[in-house]
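Asker: The amino acid sequence is not available; the structure is as follows:
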């Protein structure tokens with residue numbers, strides 16, 4: 001009877017369950033393959049295979065890549081790729097969303113219109129005052145890049161006192 005059983009302490013395996021990367025590494029080593037062999041067989045880059053074995057999924061371009069490369073690796077070493085993918089989706093190493101963040105687009109607060117070649121004309125209208133924008137161009141005007149642009153804006157009516 002060993003010391004762990006005598007003290008009633010749980011063994012190391014139950015305290016720290018094997019991660020997806022650990023399972024894939026053990027399966028690869030059990031087959032006597034190197035990471036280079038897996039990379040040649042699967043065409044998954046070595047850096048991604050190393051990241052998978054070391055449970056560093058946050059370096060992948062997106063969760064879809066991490067899952068896809070892990071499934072390919074699992075098939076190459078004879079493990080159930082669907083079970084491995086399901087386990088990976090539930091693991092804390094899996095990023096929940098892509099690392100790319102997009103900034104919200106803020107439109108300008110003015111409509112700016114400029115025209116003319118020799119003499120310049122322009123108008124700036126705050127967007128909250130624009131009612132309607134319309135244009136009209138005949139076939140000939142379209143060919144020469146001309147036409148009419150009509151912008152209707154709200155004018156504050158002066159109320160007599």
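Answerer: Noted; the coordinates are in hand. Note that the coordinates shown come from a computational prediction; the quantities given were computed from them, not determined experimentally.

Asker: Domain-wise, how is this structure divided?
Answerer: Domain assignment for the chain by automatic domain parsing gives 14-90, 110-153.

Asker: what ranges do the helices span in the protein?
Answerer: Along the chain, counting by DSSP state H, helices occupy 3-7, 12-15, 20-30, 35-42, 46-53, 63-76, 81-90, 139-144.

Asker: And the third one, what does it pack against?
Answerer: The criterion is 3 or more C-beta pairs under 8 Å, 6 or more residues apart in numbering; DSSP states H and E, and the helices and strands that helix 20-30 contacts are helix 46-53, helix 63-76, helix 81-90. C-beta here means a position set from N, CA and C on the backbone, and glycine is covered the same way.

Asker: who's in contact with that helix?
Answerer: Applying C-beta atoms under 8 Å, 6 or more residues apart in numbering, the set of residues contacting helix 20-30 from outside is 18, 34-35, 38, 52-55, 70, 73-74, 77-79, 84, 87-88, 91, 93.

Asker: Please repeat the previous calculation with a cut-off of 10 Å.
Answerer: Contacts with helix 20-30, where a contact means C-beta atoms under 10 Å, 6 or more residues apart in numbering, come from 16-19, 33-35, 37-38, 49-57, 66, 70, 73-74, 76-79, 83-91, 93-94.

Asker: so how far is that helix from its chain's centroid?
Answerer: 28 Å (C-alpha atoms, centre = their mean, to the nearest Å).

Asker: picking that back up, out of the domains of the chain, which one sits most buried?
Answerer: Mean neighbour count (mean count of other C-beta atoms under 10 Å) peaks for domain 14-90 among the domains of the chain, with a mean of 16.

Asker: Pull the contacting residues for the spatially closest residue to residue 146 that is not a sequence neighbour.
Answerer: For residue 146, ignoring the flanking residues on the chain, the nearest one in space by C-beta to C-beta, 6 or more residues apart in numbering is residue 137 at 6.9 Å. Contacts were defined as C-beta under 10 Å, 6+ apart; by that measure residue 137 touches 143-149.
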